[in-house]
Structure formats: structure tokens, C-alpha cells
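A.B. asks: Generate a structure from the sequence data that follows.
(2 chains)
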Number of protein chains: 2
Amino acid sequence: MRSVSVIGIGETKFGKLDSYSLKDLVVEAGNKAIEDCGIDKNTIEALYMSNFNGSYWSTQSHIGPLASEALGLGNIPTLRTEGACASGTLAFRTAWMAVAAGIYDVVLVGGAEKMTHQTTPIITTGLASAADYENEVKVGATFPSLFAMMAQRYFYEYGNVREAMAMCAVQNHDNAYLNPDAQMKKKITVDMVKSGFPVADPLTVFDCSLVSDGAVFIVIAATDVAKQILKTKKRIIEVIGSGHAGDVISLSGKKSITTLGATVKAAEEAYKMANIKPTDVNFAEVHDCFTITQILNVEDLGFFEKGKGGNAVLEGLIARDGKLPINVSGGLKAKGHPIGATGLSMIYEVVTQMRGEAGERQLKNTDIGLTHNLGGSAGTCVINIFKGL
Amino acid sequence: MRSVSVIGIGETKFGKLDSYSLKDLVVEAGNKAIEDCGIDKNTIEALYMSNFNGSYWSTQSHIGPLASEALGLGNIPTLRTEGACASGTLAFRTAWMAVAAGIYDVVLVGGAEKMTHQTTPIITTGLASAADYENEVKVGATFPSLFAMMAQRYFYEYGNVREAMAMCAVQNHDNAYLNPDAQMKKKITVDMVKSGFPVADPLTVFDCSLVSDGAVFIVIAATDVAKQILKTKKRIIEVIGSGHAGDVISLSGKKSITTLGATVKAAEEAYKMANIKPTDVNFAEVHDCFTITQILNVEDLGFFEKGKGGNAVLEGLIARDGKLPINVSGGLKAKGHPIGATGLSMIYEVVTQMRGEAGERQLKNTDIGLTHNLGGSAGTCVINIFKGL
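C.D. replies: This next block holds a predicted model:
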């Protein structure tokens, strides 16, 4: 398998973008990514698109050729990947495989979602479709209730981390405040989170990620080709590890709902490929669909011992100025969560940091960065590890 | 890249399967495919699932982990591919790439769609989402109208092939009559097709493929591994060629609507990889979403000259006893068209024929078989070429 690198990135702002259709989002982010690396459009051999639920929310499936037409990419092959909130990194991993296998040299990966034009019931129903309809959704489960159960069980097994959950939200809002593309531009406090509008106990509205419009595109290439075609002096960022694992879709079927099997297995694969240990990671973007998830993730990724994630948060270890900054972009919680774009948004942040283009939220130590993207209640997990060349 | 082969196949009947949910379809076809090759479930390293619009029609996205849970496959990685009616062979091609690249040795590919429980407006809207919503659907286009325009333009450029279109339907119904899994068990005549209920001139209801429930699963493996793990004496069927191309999604954006660019480009790629000419193909399953499409396809695949496809049909060349049998399964027209399963259903037929298991519809010469799967109005095309070992 060949080495594969990221050479171009582009994203829209995340938020309530009333004037944008799904296609408009694609056009803006796609063109930005292509311009970012300065390559000729004819160099792009394939397009892997991620979108979660355009079929229901925008009467638009088949986003592959929609995007290739809108971006003027001709007869290139396209496909759409979907794995709930992990759809974006599934597109990335599929593209990585195709380039690593030698089928294509240069591939465009894109993710887009348009959500804010829909009513809350339609958004909630669409999101719930990522759970098991027959066993969970039909009997009333939605994602906040599923993750609230995970939080309650975590409290039972490892002790109450309500304060640390709230602190995750506070820190992610702090980070988003410095991210020009982020949806949330509002600093919050632990008290505001804890006394927020209740959604599913213990989660309040401040523990939940956002409903967002947005798109992110990434250009990848075989590393040896990347060096030849890159028209800018931007740093080439190599994919040094990739892992993909699953788990049963339903909460009731999982061996544990406080240790997410998909994360553990995908991390093992990614670390092995990268030949690194969790302690080698300098910063990460992890899937904070709810604040409890961020705590589970930093444990399942091996950054902290199981049961110690809450303390790590309270000690400031994952804050922007901590030992292992997590979600410096603002995360799903505060940068925003346009489902199909989310996983690629994590990669966008890692590349931006490694290039030293992160402005006010720039980290110092960005040698090795990791992205962790979950789908549903962790039925899917994709992890990628990056290193600048 | 490594050689990859099909070692197991399974499918449900196609039709109006009232007692089956989407998950039930997955379970039946998935278990049949695994039993067909007799491998241990633990051997399966990944699952690539195809589904077109479960999110809208069954409130069920994230079908990857849904299927892996239902089939008892543990923590394996899964993803869903979608490219309209080509979703099935997109899953197959992605799985093929992963095995060819050496990432996995044994992969399960599945496709399922549940349609017949929905109302006609919801099915029509869901299907239309595979076209360009902003430029086509919003102004009233549906797929029958888009393909009717292609037929009208074909008549203008190459002459009227109404009789040959009708004959395609007749032949495909004849073939389906001999396929125990087919939805249609009714022989029809050219006159019945031409005088059928009008849908979009020149298409009548008999020119249109079916609304179906169904699922198909395929087990693939690296060819060297296949020989070691296969527990039955069934013939191993090698993928000798694979091609994937696209085109703009909208009819108005295409260079031609009578020569489908995606087919031409994907065919070129697949023939090149297989190192064969179109005349080397012994039989094929091609995408007959409408009867006119079957005529376009046999021309664009290089089986007949452009403008001569209609005559070829009338001369019986693509009938079951013809020189180049096409859609011996009955095709989308008469076997059925459960969108996400359709592409894999084509592969199911090719493998069944090559194993000599096709019963009353068994062909004699099955050395090289081809599958041709389109998405939307040919915004996506995936072609695979197979040879028995």
C-alpha cells in the first residue's frame, strides 16, 4: 500500500446558512479545497462524497454526481458513503484505500449537510434513523436519550462526572470562540450547562451538539504524487494511521455502553498502522456529539484510564493550553455538527493546526494529530492519525 | 493489487414481501450467502452495505451496523454506499478495492431495499431524489419522464425503436418466468407493452422497471485465500475487470443523452483491466430501468453499433437463446428492482450462471459475464467482468 497525504482543504462556515442550498454548500467548500492546493481540476480522478440524510431533508440523494457536476469535474467516478455521523471519515477512508491501492493518484473527498431549514420533528426523526428503528426508535428512543443512558450507566460504574461533562462544553465553546468558521460564538459557564433546559437527564441543551448547515472538502493524493502536483508551498500532511471498526447498532446489544467497542478496536488498528502509542498523540479532534461522549472517547482512545476521563477534564489536561488539547476547533458541540461534513471537519482542523494556520487557536505542539469520528451510538468508528511532512 | 473472487451468494425473492422488514431482508439474504460458501462468520472482516433510501422509506439509515448486528458479525467495520440505483455495485467495488489493496482478505457485501409498504407519492419522491432536485425534480421531472426524453431523442437521432423497446420487455418477462426469485411471473406480448397504461410517452407501464422489496448478499475474498477457506465445492468466480465512471447528474448538462458517457468510460476501464474486447463477453446483466435504457446500454457497452441496438433486439440476438443473452435473470424490468440490491442481483445471476445453477434458464456459454449498473439518469455507472476459475 502506498503512502497517502492531504494536500488541500476547504470548508464553509458552520451554522444556520439560510441562503445556501445543499448544492451551494458543496460548491463553496469544494472550490476552496481545490484552490487551496492549486491543482488543475483535471487532475482529480474520483470524488467520494459524504452526506447523511439529504434524501429526507433536501429530497437529494445521489450527491456524488450532483457535486461533480456543480464543481465541473467531468466524468469522474463518484460515490456517497453513509454511516450516520461517521459518514465523513468513511468517505475519507474509502478514498484513502483507493489511493493506497494504486487505483487513483488524486481524489477529492467531500461532506455536506443542510439541516437548519427543516422542522425539529423532521430533523429528530432523520437523526433517529441512525439508531435501530425496530428496537429503539419505534419505542421512543432518540439520540439524546440513548446517550443519557450511557451517561447514567457511567455514573453508576465510575462515579458522577456531571461537572466534567459541563466543563467539556465550556472548553469547546471557548475554543469555538476563536474559530472563524464555528457556529457558536458564545462563552458559557459550568453553571449555565448544568442549569440549562433539560433534554434527557443528565443532559441539558448545553450538553448536546448542534444542528448545522456546512460542508468540508479535502484533496488527497499519493504522497509521491503530492510532491509533484502541489502548486502552493503548504505543508503536506501524511495519513500515518487509519482504523475502522463497528459495533452492534442497538444500545441493548452492546457488551458495554461505557467502553465503546468500536473506538477501542479502531484505535488499536490505527495506532498499530502508525506504529505509535496513545501518549505519542499531541492533539485530537474527538466525537463530542454529547459531552459524555467526549469523556468516553478520551478514555477509549487510551489517553486516560477508564474512569479517569472526568478528572482529566477538570484538571484542564484536554483544554487548549493543556497537555493534550482536544477539540480545539470547538468540536461538534460548538463548531457545529453538519452530519455528513463532521468527520472531514475534524481532518480540516488537524491539517490547519499542522500547517500553522489556526490563528488565535494555534497550538504549539502539532507533530501528531488524531481524528475520532463516531456514527450513531457508536455502531461505527473511524480513526485517522496524521503527521506533517 | 490482488486478484479478488466471489465465493458466496444469497438472495431473497424479489417482490411485494409484506411480512419482511428491511432488517428481515438483510438477515435472510446475508445468512444465505454465508451458508452458500460455508465459511465461519468470524472469517468475515468487513461488511459493505448498499441501500438507497431506507432513511426516508423505513426511517432506517446506518444500515451497516444494523446488518452486522442482525447477522452476528461482531465488531467488524461497516459502511453504506449510495449512488442511486448503482448503490449495490458501488458497495461491491468498494469491497473489491479493500481486498485488492490487501486491507481485508474476506468481505461481505450486501444490498437491501424495502419499498412496497410505502405509498406511490413517497416512492416517487424518494426515487426522484436521485436526480438534481433544484434543476429537475422541483420543476416536475421524475425518472420515467427523464428516460422518456432520452427515448424521444433517440428516435430523433437514430429512428424509432418502439417495437424493439417492447421486445426487451417481452424477453425480460420470458426470462423472469424461469427465475424462481423473480417478481414477475407473467408472459407479455409486444402489443400489450405498446398499448399499456401510458406513463411518459413513449413509455407505458410495461416499459418501466418494478417497485420491489429484496436483498442480495455476496461474499468476496482474495483469490488465494478463497481457495483455502471455501467449504463447498462451488466454483470460484474471479473479478477480472472493474470500471466506475460518472457523468453530470442532470439531463440538461450531458453531452449526449443517447450515448451515456458514464457507461462508455466505465466500460473502457473494465475491458482494459480484463484485457478483453466487448465481443469476448458471453452474457451480461445490464441496467434496464426502462426498456430504452437496455437498448442504449448494449450499444454503449460496445456489443452493437450505436443506432443498431434496436435491430439486434428484434433479431433475437440478446434473447436467452441468442448470441449474447442479456438479462437472463429477468432484469430490473421483471426480476425486480429493489434499488439497493439491484446491482448485486446482477452479480448473483452471473455467478449462478457460471456455476451452472441457473436451472431452466441456464445458459451454455458462460465463460465471461458482465454486469452493468447505472445510477439515476446515468450519473453513475459501475461495470464488473467475471470469469469462473
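A.B. asks: got a list of what A:N297 touches?
C.D. replies: By C-beta atoms under 8 Å, 6 or more residues apart in numbering or on different chains, the residues touching A:N297 are A:260, A:263, A:286-288, A:372, A:374. Quick note: C-beta positions are derived from backbone N, CA and C, even for glycine.
A.B. asks: Any chance of TSV for these, columns pLDDT?
C.D. replies: Below are the contacts of A:N297 laid out as TSV (pLDDT from 0 to 100):
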residue	pLDDT
A:L260	98
A:T263	98
A:V286	98
A:H287	98
A:D288	98
A:H372	98
A:L374	98
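A.B. asks: which one among the residues you listed gets closest to A:V106?
C.D. replies: A:V106 has its nearest neighbour among the contacts of A:N297 in A:H372, at 26.2 Å by C-beta to C-beta.
A.B. asks: same for the helix or strand hosting that closest one, what does it pack against?
C.D. replies: Assessed by DSSP states H and E, A:H372 sits inside strand A:368-375. If you count contacts as 3 or more C-beta pairs under 8 Å, 6 or more residues apart in numbering or on different chains; DSSP states H and E, strand A:368-375 packs onto helix A:87-100, helix A:261-274, strand A:283-285, helix A:291-300, helix A:339-355, strand A:380-388.
A.B. asks: so what's the spatially most central residue of chain A closest to, chain neighbours aside?
C.D. replies: The residue lying closest to the centre of chain A (C-alpha atoms, centre = their mean) is A:G343, at 2.8 Å. Excluding its sequence neighbours, the residue lying closest to A:G343 (C-beta to C-beta, 6 or more residues apart in numbering or on different chains) is A:G88, at 2.8 Å.
A.B. asks: looking at it, that neighbour is touching A:G340, isn't it?
C.D. replies: Yes - using C-beta atoms under 8 Å, A:G88 is in contact with A:G340, at 6.0 Å.
A.B. asks: Give me the more crowded residue out of those two.
C.D. replies: Set A:G88 next to A:G340 and count neighbours by other C-beta atoms under 10 Å in any protein chain shown: A:G88 wins out with 36 against 33.
A.B. asks: and the gap between the residue nearest to the centre of chain A and chain B?
C.D. replies: 12 Å (C-beta to the nearest C-beta, to the nearest Å).
A.B. asks: isn't that residue right next to A:G111, touching?
C.D. replies: Yes - here A:G343 reaches A:G111: they are 6.7 Å apart, a contact under C-beta under 8 Å.
A.B. asks: Count the residues that sit near the closest residue to A:K23 other than its chain neighbours.
C.D. replies: Residue nearest to A:K23 in three dimensions, not counting chain neighbours: A:A70, with 5.4 Å by C-beta to C-beta, 6+ apart. Using other C-beta under 10 Å, A:A70 has 22 neighbouring residues.
A.B. asks: now do A:L314
C.D. replies: Neighbour tally, A:L314, other C-beta under 10 Å: 14.
A.B. asks: Same question for A:S19.
C.D. replies: A:S19: 6 surrounding residues under other C-beta under 10 Å.
A.B. asks: Repeat that for A:A182.
C.D. replies: For A:A182, using other C-beta under 10 Å, the count is 24.
A.B. asks: what sits against the nearest residue to it once chain neighbours are set aside?
C.D. replies: Here the nearest residue to A:A182 in space, its sequence neighbours aside, is A:A176; by C-beta to C-beta, 6+ apart that works out to 3.7 Å. A:A176 makes contact with A:182-185, A:329-331, A:333-335, according to C-beta under 8 Å, 6+ apart.
A.B. asks: Of the residues you listed, select the buried ones using a ChimeraX command.
C.D. replies: In ChimeraX, the members of the contacts of A:A176 classed as buried (16 or more other C-beta atoms under 10 Å in any protein chain shown) are selected with the following command:
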select /A:182,183,184,329,330,331,333,334,335
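A.B. asks: The contacts of A:A176 in helices, which ones?
C.D. replies: Among the contacts of A:A176, DSSP state H puts A:331, A:333-334 in helices.
A.B. asks: Show me the common contact partners of A:G88 and A:G340, please.
C.D. replies: Common neighbours of A:G88 and A:G340 (C-beta under 8 Å, 6+ apart) are A:50, A:111.
A.B. asks: before we move on, the earlier item: the residue nearest to A:A182 and chain B, how far apart?
C.D. replies: Remark: distance between A:A176 and chain B (C-beta to the nearest C-beta) = 27 Å.
A.B. asks: And A:G330, by the same measure?
C.D. replies: 25 Å.
A.B. asks: Just give the nearest non-adjacent residue to that residue, would you?
C.D. replies: A:A176 (2.7 Å).
A.B. asks: Same question for A:S250.
C.D. replies: Using C-beta to C-beta, 6+ apart, the closest residue to A:S250 is A:D132 (4.3 Å).
A.B. asks: Look at the one you found and report its pLDDT.
C.D. replies: For A:D132, the pLDDT comes out at 97.
A.B. asks: Verify the contact between it and B:L66 for me.
C.D. replies: Yes - proximity of A:D132 to B:L66 meets the contact threshold set by C-beta under 8 Å, at 6.2 Å.
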